[in-house]
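**Student:** Dropping the sequence and predicted coords here.
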Amino acid sequence: MICVIHAHPYLSRSRANRALADALRAAPGLELRALYDLYPDFDIDVDAEQRALAQARLVVWMHPIYWYSVPALMKHWFDKVLAYGWAYGEGGTALAGKHCLWVPTTGGNEEAYTPTGMHAHPFASFVPALEQTARFCGMQWEPPHVLHGAGTIDERALAAHAAALVERLAPWREAGAPALTELQP
């Protein structure tokens with residue numbers, strides 16, 4: 001099974017993240033956990049989140065980039081769910097061996113993530129914190145599936161990126177898996 005942890009505080013205003021989430025809705029063997037729908041008060045059900053992760057072979061972290069990192073609720077989710085003794089530390093092997101795929105979207109285009117671009121660094125410079133979070137929990141880091149220029153990408157390119165994401169998840173889908181389950185309050 002694939003567990004997608006999706007964090008977008010304004011999904012109704014997002015063209016790119018909404019398109020990616022919509023594309024995943026039809027994928028078999030996948031559970032989409034929309035954090036801002038599940039926990040609008042930031043009161044995370046740690047047991048429910050850990051149960052969902054425990055069943056997964058692949059964990060996907062999908063969100064827009066906020067100040068070179070994750071949205072606030074996803075950071076809170078990391079702090080609460082990836083707990084000592086469960087995800088890391090003594091006895092913390094629940095995620096060991098699982099694969100982790102990061103699916104960020106950026107407002108800036110690829111040129112913005114160059115030494116002469118707006119952000120003055122390649123996008124790869126912003127990957128280590130997320131990669132190390134996964135690796136610290138014993139997960140196998142997969143190369144990120146990044147969508148740049150979320151606000152300006154044309155419909156055809158956005159659809160192609162969403163289709164490529166669905167295809168990228170194919171190796172982790174179980175044959176005959178049930179349709180996507182999207183959890184909401």
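**Tutor:** It's in.
**Student:** Mind jotting down where the helices sit in this structure?
**Tutor:** Here the chain has its helices, by DSSP state H, at 16-25, 35-38, 46-55, 72-81, 128-136, 155-169.
**Student:** and of the ones you listed, who's closest to residue 3?
**Tutor:** Closest to residue 3 of these, according to C-beta to C-beta: helix 46-55, at 5.1 Å. C-beta coordinates here come from the backbone N, C-alpha and C atoms, glycine included.
**Student:** contacts for the closest one?
**Tutor:** Helix 46-55 has contacts (C-beta atoms under 8 Å, 6 or more residues apart in numbering) with 1, 3, 31, 33, 59, 77, 80-81, 83, 86, 94-95, 98.
**Student:** could you redo the last one with a cut-off of 10 Å?
**Tutor:** Residues from elsewhere that reach helix 46-55, judged by C-beta atoms under 10 Å, 6 or more residues apart in numbering: 1-5, 31, 33, 35, 38-39, 45, 59, 77, 80-83, 86-87, 94-95, 98, 137, 139, 181, 183.
**Student:** could you flag which of those are buried?
**Tutor:** Neighbour counting by 16 or more other C-beta atoms under 10 Å classes 1-5, 31, 33, 35, 38-39, 59, 77, 80-82, 86-87, 94-95, 98, 137, 139 among the contacts of helix 46-55 as buried.
**Student:** The nearest residue to residue 118 once chain neighbours are set aside and residue 146: what is the separation?
**Tutor:** Among residues not flanking residue 118 along the chain, residue 112 sits closest, at 4.4 Å (C-beta to C-beta, 6 or more residues apart in numbering). As for residue 112, its distance to residue 146 is 12 Å (criterion: C-beta to C-beta, to the nearest Å).
**Student:** okay, and the common contacts of these two?
**Tutor:** 106, 123.
**Student:** Contacts only, for the spatially most central residue of the chain.
**Tutor:** For the chain, the residue nearest the mean C-alpha position is residue 61 (1.5 Å; C-alpha atoms, centre = their mean). Contact analysis of residue 61 by C-beta under 10 Å, 6+ apart lists 3-7, 70, 74, 77-78, 100-104, 130, 133-134, 144.
**Student:** Pairing-wise in the sheet, spell out the partners of it.
**Tutor:** On the basis of DSSP bridges, residue 61 is bridged to residue 5, residue 102.
**Student:** Could you list the low-pLDDT ranges of this protein?
**Tutor:** Within the chain, the stretches with pLDDT under 70 are 174-185.
**Student:** Please tell me how far the residue located most distally from the centre of the chain sits from residue 122.
**Tutor:** Most distant residue from the mean C-alpha position of the chain: residue 116, 28.1 Å away (C-alpha atoms, centre = their mean). Plainly put, residue 116 is 11 Å away from residue 122 if you go by C-beta to C-beta.
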